[in-house]
Structure formats: C-alpha cells, structure tokens
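In: Here you go, sequence then predicted model.
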Amino acid sequence: MTTLLYLEDFPLGATWELGAYQVTETAIVEFGTQFDPQPFHTDVEAARGSSFGGLVASGWHTSAITTRILVDELYSRAASLGSPGVEEIRWTRPVRPGDSLSVRFTVTESRPSASKPDRGVVHCLVETLNQDGDVVMTLRGAMFFARRDR
C-alpha cells in the first residue's frame, strides 16, 4: 500500500504528472446531451458547421475528466479533506474525440490552518494537457489536507 500523503507532502513548487484519459465521441455526445446540450457537443454534423469545425467536449466535461484523474491518482492516496472552491477555470483549447488528456498538479502555496491545527490548505494550479502537450484547461483552486503531525 502506498503511504498516505499529508499537507507536509505538498511543499511549494511540488508537481505531479497524472493520468491519461481517452476522450471518445460517444462520451462527448452523451455528456453534452445530458449536461450541455449545444450542437457542437451533441451533433457531429451540426458541429462541422460550428466555429469549432467539428465535435468538441463541453468545458464542464473536460473539468469532470480532470477531476476524475485527480481523484484516481492523487486525492485518493492523500489525506484529502475536500476543497473550499475553485478560484479560476479556463478552457484554452477544444478537446476533441480521440484526445488523450493528462493532468499536471502544481502547488502554488501550502500552509497550516490558523484556526484548525489538524489541517492545512494547498493552493494549486491544475493544467489539463492533450496528447501533444497542449494545455486545454487550467484551474486555480485550493484543497484541504490533514496534517501528519497533528
């Protein structure tokens, strides 16, 4: 079993390269149909005539994939206590069928809580990349982690 990661394991500048998730046409259409029913997410033919020139994943779908990778490969092996929220999210490039997405998690601040000594907060930059290394999404947010020594 892997040793659990605590606040102390997330120093400023620490970086994790995580995952690979294959995006399929079926998944794009299904997610778009259920949660973001715009033609460029749900209809291959209509998407060809859109400003994207083809089917693209919803930004929210990209966010969900990013979350899945983070949970599967980092948060599930950490003493995670949830998140107070996201400060910023940007979808910088379209995600298309066949893309393989991975995630880079970089610590931008890490500090113990002033009011709850058993935990701390990690601020992070999360970058989602496609198979060519192009950043398709960025997210700035925070996570709470338990402290090892408390």
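Out: Nice, thanks for sending it over.

In: Once you drop chain neighbours, what's closest to the most centrally placed residue in the chain?
Out: Compute the mean C-alpha point of the chain, and by C-alpha atoms, centre = their mean the closest residue is residue 66, 2.8 Å away. Of all residues not flanking residue 66 in the chain, residue 128 sits nearest, at 4.8 Å (C-beta to C-beta, 6 or more residues apart in numbering). Every residue, glycine included, has its C-beta placed from N, CA and C.

In: check contacts around the one you found.
Out: When contacts are counted by C-beta atoms under 8 Å, 6 or more residues apart in numbering, residue 128 touches 62, 65, 66, 101, 102, 103, 135, 136, 137, 138, 139.

In: quick one: contacts for the nearest residue to residue 53 once chain neighbours are set aside?
Out: When the adjacent residues along the chain are set aside, residue 53 lies closest to residue 47, with 7.9 Å between them (C-beta to C-beta, 6+ apart). Residues counted as contacts of residue 47 (C-beta under 8 Å, 6+ apart) are 39, 40, 41, 53, 54, 55, 56.

In: one step back: for the contacts of residue 128, I'd like a selection string for ChimeraX - just the buried members, please.
Out: Buried members of the contacts of residue 128, defined by 16 or more other C-beta atoms under 10 Å, are picked up in ChimeraX with:
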select :62,65,66,101,102,103,136,137,138,139
